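*Asks:* With the input below, show me the fold.
(one chain, ligands or ions: 2)
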Amino acid sequence: MAQLLHTMLRVGNLERSIEFYTNVLGMKLLRQSENAEYKYTLAFVGYGEESSGSAVIELTYNWGTESYDHGNAFGHIAIGEEDIYARCEAIAAAGGKVIRPAGPVAGGTTEIAFVEDPDGYKIEFIQMSSAENGLG
Ligand SMILES: C[C@@H](O)C(=O)SC[C@H](NC(=O)CC[C@H](N)C(=O)O)C(=O)NCC(=O)O
Ligand code: NI
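*Replies:* Residues are numbered from 1 along each chain as shown. Ligands and ions are numbered 1, 2, ... in the order given. Sure, this is the predicted structure:
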């Protein structure tokens, strides 16, 4: 059976992104690799080991490229959380940017929040106990 493995994000400063995803969002740095020939470094972060079936984020740093034009197509990566209110408080306290405070989605009951990572990618937090479609 196919398995969702990772989402790749190109980032402008790998150390900054690793710091955010680990110390602000509470993920683990799972593995890191460098390709000197093609001048890029990969860092995989997530809440669980890939070997246990956890989907992860692949942070890609192209040496010397400090920013990207994100266009207007990319939406977000979603993370299920037991308490998005506490998580958002912790993110804000750690200097993270909460761009949509925790609360019910417009016209619905699922409770969500949005934060922005250091490159401007949006991360959605969903209160699993409130999630519709059987996620809760
Ligand atoms: C390890 C595996 O999960 C990969 O995603 S490697 C894919 C490969 N990545 C790179 O070459 C990284 C540097 C490259 N300059 C880039 O920014 O992508 C690749 O084929 N990338 C092309 C792509 O469109 O992802
Ligand atoms: Ni990949």
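
*Asks:* Quick check: what element follows the longest helix seen in the chain along the chain?
*Replies:* The longest helix of the chain (DSSP state H) is helix 84-93. Per DSSP states H and E, the first helix or strand lying C-terminal to helix 84-93 is strand 97-104.

*Asks:* Paired strands for that following strand, with orientation please.
*Replies:* strand 111-116 (antiparallel) (DSSP bridges).

*Asks:* starting at the chain centroid, how far to the strand it pairs with?
*Replies:* 11 Å (Cα atoms, centre = their mean, to the nearest Å).

*Asks:* quick one: it to helix 84-93, angle?
*Replies:* Per axes from the mean of the first three to the mean of the last three Cα atoms, to 10 degrees, the angle that strand 111-116 makes with helix 84-93 is 20 degrees.

*Asks:* could we number from 55 for the rest of this?
*Replies:* That works, and once the first residue is 55, the last one we named lands at strand 165-170.

*Asks:* Now do the helix or strand following strand 165-170: which elements does it pack against?
*Replies:* Under the assignment DSSP H and E, the closest C-terminal helix or strand after strand 165-170 is strand 176-181. Applying 3 or more Cβ pairs under 8 Å, 6 or more residues apart in numbering; DSSP states H and E, one finds that strand 176-181 makes contact with strand 131-135, helix 138-147, strand 151-158, strand 165-170. C-betas here are computed from N, CA, C, even on glycine.

*Asks:* circling back to that earlier point, show me which residues of the longest helix of the chain are buried.
*Replies:* Using 16 or more other Cβ atoms under 10 Å as the test for burial, helix 138-147 gives 138, 141-142, 145.

*Asks:* With stretch 83-101 instead?
*Replies:* 84, 94-100.

*Asks:* Let me know the closest of those residues to Val152.
*Replies:* Val99 (19.5 Å; Cβ to Cβ).

*Asks:* Double-check that the closest one belongs to a strand.
*Replies:* Yes. Assigned with DSSP: H, G, I helix; E, B strand; the rest coil, Val99 falls within a strand.

*Asks:* Isn't it up against Glu73?
*Replies:* No. In this structure, Val99 is not within contact of Glu73 by Cβ atoms under 8 Å, at 10.5 Å.
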